[in-house]
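Asker: Have a look at this fold, sequence not included:
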């Protein structure tokens, strides 16, 4: 069966739209996005970076210009912030240091191997003070790690040097004099020396430096927990970066991808420290490289290619429409599906979804010359929803449409059932600000034209409350309590059955809710109450009518706005193209090609 889509849209070049040139001040023909890979709860104490090719370390300026620092081909690097540390060694070779590293207690902080002129060292910890570091010495001794010393954060730094080569020459001269120097960049290359714990040690170090390099002026380098150290996997401290405001440390490789914490990503990495001095990692990547991970995470890569293409365009449009969403954190989009779109790196890529991205390259959905808000969800349950019925503001192209296609495709969400206990329902009411007491009834008071619940009431012995829009699905603002798949449902109470016997017949009632009774005043609706008293000719009985649970039976999964992914699959399997899918779910959009 081929369903005819009457809403037409053309693929037009971008130059035809007067206002399509910019989205939030950024040109639409700029395909590069900053993706937050590690931030917030998953920010890193340290960073492990790997690449199969040479990596160019540099700095990104606010205008996007790149300041090169140095290149390295060791294949692996660790990035640390400066701190007071514990150091064991020296050891004769890296294998011996690795054995000590394997015994290093995780409670004493992250540790790494350093290769210095005296041999291999094991350094660890992110301590704020010498006293904090000393407290961990007994634990390391118990692990068989002895002779551990404390390295502080006081150092001396040379005046600026004309080039990195000049700085390297000074470092080699200091090594020959028995002094361990390190490359230091704060806008110019310098040499920093020492990890002293007090100023007395600094004074003696200054005497030695003046003797070894009398032509240089040596100044004190104050403590700074936000300086960044880059260490190669063979233990070389490549350089220390002063972490200047507005200049972000970056790593670029000629390989197809690099790895952070063993997860592969395309593009360039940028590293900054958050307010907790933990590393945020941002991937600067082409939008299509980003989409090649997003599309198979948002839609199974085994689905029809036209559905995957529709998902690719929707995801690309979403990216452009939400550029700078996390500008305050230094990136455009995060990796979370609950906030932006699910992004997981190269491991999620699949040939089918890659094909869908490639074959829709540069295609986005526009409305009034702007990237459309292409919300999507798993399954509409038979009818999508007007956006103002889910959130607040009406958007012309986000209107409810008939959607039988998900069921035709065999959606696993075509019917679902969720049972919530009396205790759970009471908890939901309390969480949302009203203690209704023992819940007597949960009732759908009104529905939107789509069939979704508009208002749900919870009535109890101590009060009544109403939940509206998405509240009847996720009333606590998360998936923690109701956890219903959609608001397309009916609800019934589960109570002990009631047997009604008369002179002529016996009837079994599923409960007393909604029951009518004949009284001297006529037939009346039975009022909600925890129990009811029934008086007969010879006996009086008490019937309890408190539900033990509430059963929700529904269809669909998600908010119901925009494209149904199961519906897109159903339309594709019926022979519709991705463009027909898009204009069915987003009424009145234009499909445009961005020239890259």
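Answerer: Alright, I've got the coordinates. Just so it is clear, the model here is predicted, and its values are computed rather than measured.

Asker: what ranges do the helices span in the stretch 351-500 of the chain?
Answerer: 351-359, 387-390, 405-408, 422-431 (DSSP state H, counting those that start in this stretch).

Asker: which outside residues touch the third one?
Answerer: The list of residues contacting helix 405-408 from outside it, by C-beta atoms under 8 Å, 6 or more residues apart in numbering, reads 3, 379-382, 413-414, 556, 564, 566-571, 573-574. From N, CA and C alone the C-beta is placed, and that goes for glycine too.

Asker: list the contacts for the residue nearest the centre of the chain?
Answerer: Nearest to the mean C-alpha position of the chain, by C-alpha atoms, centre = their mean, lies residue 336 at 2.4 Å. By C-beta under 8 Å, 6+ apart, the contact list for residue 336 reads residue 342.

Asker: Comparing the helices of the stretch 351-500 of the chain, which stretch has the densest surroundings?
Answerer: With neighbours taken as mean count of other C-beta atoms under 10 Å, the helices of the stretch 351-500 of the chain reach their highest mean count in helix 405-408, at a mean of 23.

Asker: out of the contacts of helix 405-408, which are inside strands?
Answerer: residue 564 (DSSP state E).

Asker: Show the buried residues in the contacts of helix 405-408.
Answerer: Among the contacts of helix 405-408, those buried by neighbour count (16 or more other C-beta atoms under 10 Å) are 379-382, 413-414, 556, 564, 566-571, 573-574.

Asker: Phi, psi for the nearest residue to residue 318 once chain neighbours are set aside please.
Answerer: Excluding the flanking residues, the one nearest residue 318 by C-beta to C-beta, 6 or more residues apart in numbering is residue 374, at 5.1 Å. Main-chain dihedrals, residue 374, degrees, to the nearest 10: phi -90, psi 70.

Asker: Could you report the neighbour count for residue 374?
Answerer: Neighbourhood size, residue 374 [other C-beta atoms under 10 Å]: 29.

Asker: picking up where we left off before, just put the helices of the stretch 351-500 of the chain in JSON lines and tack on mean pLDDT.
Answerer: Compiled in JSON lines, the helices of the stretch 351-500 of the chain are given as follows (pLDDT from 0 to 100):
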{"stretch": "helix 351-359", "mean pLDDT": "98"}
{"stretch": "helix 387-390", "mean pLDDT": "95"}
{"stretch": "helix 405-408", "mean pLDDT": "97"}
{"stretch": "helix 422-431", "mean pLDDT": "90"}
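
Asker: For residue 257, find the nearest of those.
Answerer: Taking C-beta to C-beta, helix 351-359 is the member of the helices of the stretch 351-500 of the chain nearest to residue 257, at 13.5 Å.

Asker: avg pLDDT for stretch 314-321?
Answerer: Averaged across stretch 314-321, the pLDDT comes to 96.

Asker: Tell me which residues are up against it.
Answerer: Counting by C-beta under 8 Å, 6+ apart, 23, 28, 33, 287-288, 290-291, 294-295, 298, 332-333, 340-341, 360, 363-365, 370-374, 376, 562-563, 582 sit against stretch 314-321.

Asker: again, only using 7 Å
Answerer: Residues outside stretch 314-321 that contact it (C-beta atoms under 7 Å, 6 or more residues apart in numbering) are 23, 28, 33, 287, 290-291, 294-295, 298, 333, 341, 363-365, 371-374, 376, 563.

Asker: Repeat that for stretch 277-285.
Answerer: 32-39, 43-45, 47, 79, 81, 225-226, 260, 265-274, 330-331.

Asker: Would you mind listing which of those are buried?
Answerer: Listed as buried from the contacts of stretch 277-285 are 33-39, 43-44, 47, 79, 81, 260, 265-273, 331; burial here means 16+ other C-beta under 10 Å.

Asker: which one is residue 217 nearest to, not counting chain neighbours?
Answerer: Spatially, and ignoring its direct neighbours in sequence, residue 217 is nearest to residue 159 (4.6 Å; C-beta to C-beta, 6+ apart).

Asker: now residue 488
Answerer: What sits nearest to residue 488 in space, not counting adjacent residues and going by C-beta to C-beta, 6+ apart, is residue 381, at 3.8 Å.

Asker: List the contacts of that neighbour.
Answerer: 486, 488, 554, 555, 556.

Asker: Number of residues surrounding the third one?
Answerer: Each residue near residue 554 was counted by other C-beta under 10 Å, and the total is 23.

Asker: Kindly report the same for the first one.
Answerer: Neighbouring residues of residue 486 were enumerated by other C-beta under 10 Å; the total is 26.

Asker: who's in contact with the residue nearest to it when sequence neighbours are not counted?
Answerer: Distance criterion C-beta to C-beta, 6+ apart; nearest residue to residue 486, sequence neighbours excluded, is residue 556 at 3.9 Å. Applying C-beta under 7 Å, 6+ apart, we find residue 556 in contact with 379, 380, 381, 413, 485, 486, 488.

Asker: and which of those residues is nearest to residue 404?
Answerer: Using C-beta to C-beta, the contacts of residue 556 come closest to residue 404 at residue 380, 9.5 Å.
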